[in-house]
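**Q** This is the structure alone, sequence omitted:
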Ligand code: HPA
């Protein structure tokens, strides 16, 4: 997957929508519904997109949706490519390369993740402030094309502080409103900040692995997001990443982890999550002055 291929794909997308796209979103497991509730302009199946792989996992659609949210032109990856599906890591991050070449400066990544902290219950949203990459791969390995970005990118601030603050503020307002309207009987924070650790999957972790991750300083564990965030950061995009904590990680609570539980929690949180995304998009629009 090289620069020319990403350019071809970017030209293809431009041929379908020639306004400047502002924000790209990647929707994780159980969270794909957001793309169906935006003002859609076009929805392109991955099969029709040059050089795109296809999504194979249950609960992940495979479309690029172009549309508007709060009048901001956005492109949404409805269904991501996971490394555990057997793709090359360059295929996993290819859409991000394309978003970068489309001139998009803001990327919002979402995912489902297991919670490593008992204080962050199932259904909480976790604003990723940093990550640990234990996937066993780095998407920037290989010959570096300087047109994408530097050979040795700094990773001190992968996740944009300003965007984190925007997301926290908006989440706080949503929580206040829910409490005032009586939707939540007790005041409940809906967003926490934390560190996300990526493993390759597709197995969930063992309890011993989860204890190790806790010692390493992780708050959540999942199987995605980190490669995309690294590539976007290398390209100079601002990244906001939010996990939906769909289950307690293995051994944190009693009981086993089921993919169905992961999907169910995603669906339960969808309303708050979508509300947050809309508000964040509006705030990013103001912040970036478009
Ligand atoms: N572990 C890894 N990935 C996940 C989990 C988990 O517990 N839940 C959702 N994605």
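**A** Thanks, I have it. Predicted, not measured: the structure shown is a model, and the values here were computed from it. Numbering: from 1, shown residues only.

**Q** out of everything not next to it in sequence, what's closest to residue 281?
**A** If the residues on either side of it in the chain are set aside, residue 281 comes closest to residue 69, at 4.8 Å by CB to CB, 6 or more residues apart in numbering. Every residue, glycine included, has its C-beta placed from N, CA and C.

**Q** Hmm, I typed the wrong one, I wanted residue 171.
**A** Spatial nearest neighbour of residue 171, excluding adjacent residues (CB to CB, 6+ apart): residue 191 at 3.5 Å.

**Q** Can you name the residue of the stretch 1-150 of the chain nearest the ligand?
**A** Nearest residue of the stretch 1-150 of the chain to the ligand, counting by CB to the nearest ligand atom: residue 114, 2.2 Å away.

**Q** re the thing from before, which residues does the residue nearest to residue 171 contact?
**A** 124, 125, 126, 127, 167, 168, 171, 172, 175, 242, 276 (CB atoms under 8 Å, 6 or more residues apart in numbering).

**Q** Show me what the host helix or strand of the fifth one is in contact with.
**A** Read it as residue 167. Assigned by DSSP states H and E, residue 167 falls within helix 161-180. Here helix 161-180 makes contact (CB under 8 Å, 6+ apart) with 106, 125, 127, 129, 184, 186-191, 193, 238-240, 242, 272, 275-276, 279-280, 283-284, 287.

**Q** Let's see which of those residues end up in helices.
**A** Using DSSP state H, the subset of these located in helices is 272, 275, 276, 279, 280, 283, 284, 287.

**Q** hmm, back to that, you'd agree the residue nearest to residue 281 is up against residue 39?
**A** Yes: the pair residue 69 / residue 39 is scored as a contact, 7.3 Å apart, by CB atoms under 8 Å.

**Q** Which one of the two is surrounded by more residues?
**A** Legend: neighbour count by other CB atoms under 10 Å for residue 69 and residue 39, higher for residue 69 (22 against 10).

**Q** List the residues that contact residue 83.
**A** Counting by CB under 8 Å, 6+ apart, residue 83 touches 89, 92, 135, 137, 200, 201, 223, 224, 227.

**Q** mind running it again at 6 Å?
**A** By CB atoms under 6 Å, 6 or more residues apart in numbering, the contact set of residue 83 is 89, 92, 200.
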